[in-house]
Structures are given as structure tokens and as C-alpha cells.
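*Asks:* quick one: sequence plus predicted model below, questions after.
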Amino acid sequence: EGKSLMNLGVAYYSLEQYQRAIEFHQQSLEISRDIGDRNGEGSSLMGLGVAYYSLEQYQRAIEFHQQSLEISRDIGDRNGEGKSLNNLGLAYKSLGQYQRAIEFYQQSLEIKREIGDIRGEANTWYNLGLSLENLNRESDALGAYRNARELFQAMGLDANVQDCNNAIERLSQPQSL
């Protein structure tokens, strides 16, 4: 029942019906807690964080992702830990706290590499590049975008490769005064 509710939350999220997604993730969370399913609890919390992020309620998203991170660490779920760290980075980036975002992205990158999550690693490199760019650390951002591009190319994800190329080109243009 809890997993079905979580899957309904994911489906409504995909339909961009975030409030409905939250309702289902909340129900899934309650069941997971009732039966002591720590993995389900962590996943439900992450789903809530993602939905609140999409509603631009970044502080709420951070609260849920922080709880999800704690559970992932408690139960040794490295994949969940990496995702939670990346999601925290996204939320802090959206709040304009780029240095804090970078710290979360770097922690996420370590885990993504360790567990062999190439797509997750590529996405995190790209997100890291955006935060570095916002701090005017152009050469570091270029390196991050190039790392992301290399991984996206290896996976044949042309649209993501193009996003990286656009970012690299943007940073390579001479800056006007």
C-alpha cells in the first residue's frame, strides 16, 4: 500500500500536479513510519522534497531532503544519500546560496562515482557548473561542464550534451563591460 501510494505520488509529480503528489507521498510516509520501513520513509521524504522544490518552496524542500539524507545514512543507502545531497544542492542553488550548494554537489559527486551512477554524476557535474558560474568561477565551471559533457556523450544523451556545449560556449564568449 505504501509503495502504491508513493508510485501515485511519482505519477502525479510527472503530471506536474505537485499538490496531489504531496498528498500521496504524505500517505506513503505515514504507512512507512507505521510499519518501520526506513527505506520507504526515506523515499517518501525525498518525494515530498522534490514536490516542494517544484512548488518553489525551497526551505520546505530542504527540510524533507535533510530528513531523507539522515535516513539514507542510517540505513547505508548510498544511492539515496547521493540523491539527497544533490537535491539539497539544487535547493540551496535556488535560494542563491551557491557555496552551500557546491558543498552538497561535491559530496554527491563522491558517492555517484563510488556507486557507478554515471547519469547522476553527469547531472551533478552540470549542476555544480551552474553554481560555480554564479560565483564567477568561470574556469572551474568550464571544467565541470566539460566533465558533464564527456559523461553525457558516453551515454548518448545528445540533448544534455547540447546543454553542456551551450554553457561552455556562453562562458567562452568575451565578456562585455
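*Replies:* Good, I have the coordinates. Numbering: from 1, shown residues only.

*Asks:* for the rest of this, base every contact and every neighbour count on C-alpha atoms.
*Replies:* OK.

*Asks:* flag the shaky bits of the protein, pLDDT-wise.
*Replies:* Filtered on pLDDT under 70, the chain yields the residue ranges 175-177.

*Asks:* grab the most central residue of it for me.
*Replies:* For the chain, N87 is the residue whose C-alpha lies nearest the centre (C-alpha atoms, centre = their mean; 3.2 Å).

*Asks:* which residues are in contact with that residue?
*Replies:* Listed by C-alpha atoms under 8 Å, 6 or more residues apart in numbering, the contact partners of N87 are 50, 65.

*Asks:* what's the answer for R119, then?
*Replies:* Applying C-alpha under 8 Å, 6+ apart, the residues near R119 are 151-152, 155.

*Asks:* pull out the buried residues from the residues you listed.
*Replies:* Buried subset of these (neighbour count, 16 or more other C-alpha atoms under 10 Å): 151-152.

*Asks:* make TSV out of the contacts of R119 and add secondary structure.
*Replies:* Below are those laid out as TSV (DSSP: H, G, I helix; E, B strand; the rest coil):
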residue	secondary structure
L151	helix
F152	helix
M155	helix
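
*Asks:* could you export the contacts of R119 to a markdown table, including columns for distance to G42?
*Replies:* What follows is the contacts of R119, written out as a markdown table (distance: C-alpha to C-alpha, whole Å):
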| residue | distance to G42 |
| --- | --- |
| L151 | 28 |
| F152 | 28 |
| M155 | 29 |
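
*Asks:* how about the helices in the chain?
*Replies:* 2-14, 18-35, 38-54, 58-75, 78-94, 98-115, 118-134, 138-155, 158-172 (DSSP state H).

*Asks:* buried stuff in the first one?
*Replies:* The one in question is helix 2-14. The neighbour-count check on helix 2-14 (16+ other C-alpha under 10 Å) flags 2-3, 5-13 as buried.

*Asks:* ok, so of those, who is nearest I22?
*Replies:* For the buried residues of helix 2-14, the residue nearest I22 by C-alpha to C-alpha is G9; the value is 6.6 Å.

*Asks:* apart from its chain neighbours, what residue comes closest to the closest one?
*Replies:* Residue nearest to G9 in three dimensions, not counting chain neighbours: A21, with 4.0 Å by C-alpha to C-alpha, 6 or more residues apart in numbering.

*Asks:* so how far is D37 from the one you found?
*Replies:* As judged by C-alpha to C-alpha, to the nearest Å, A21 and D37 stand 20 Å apart.
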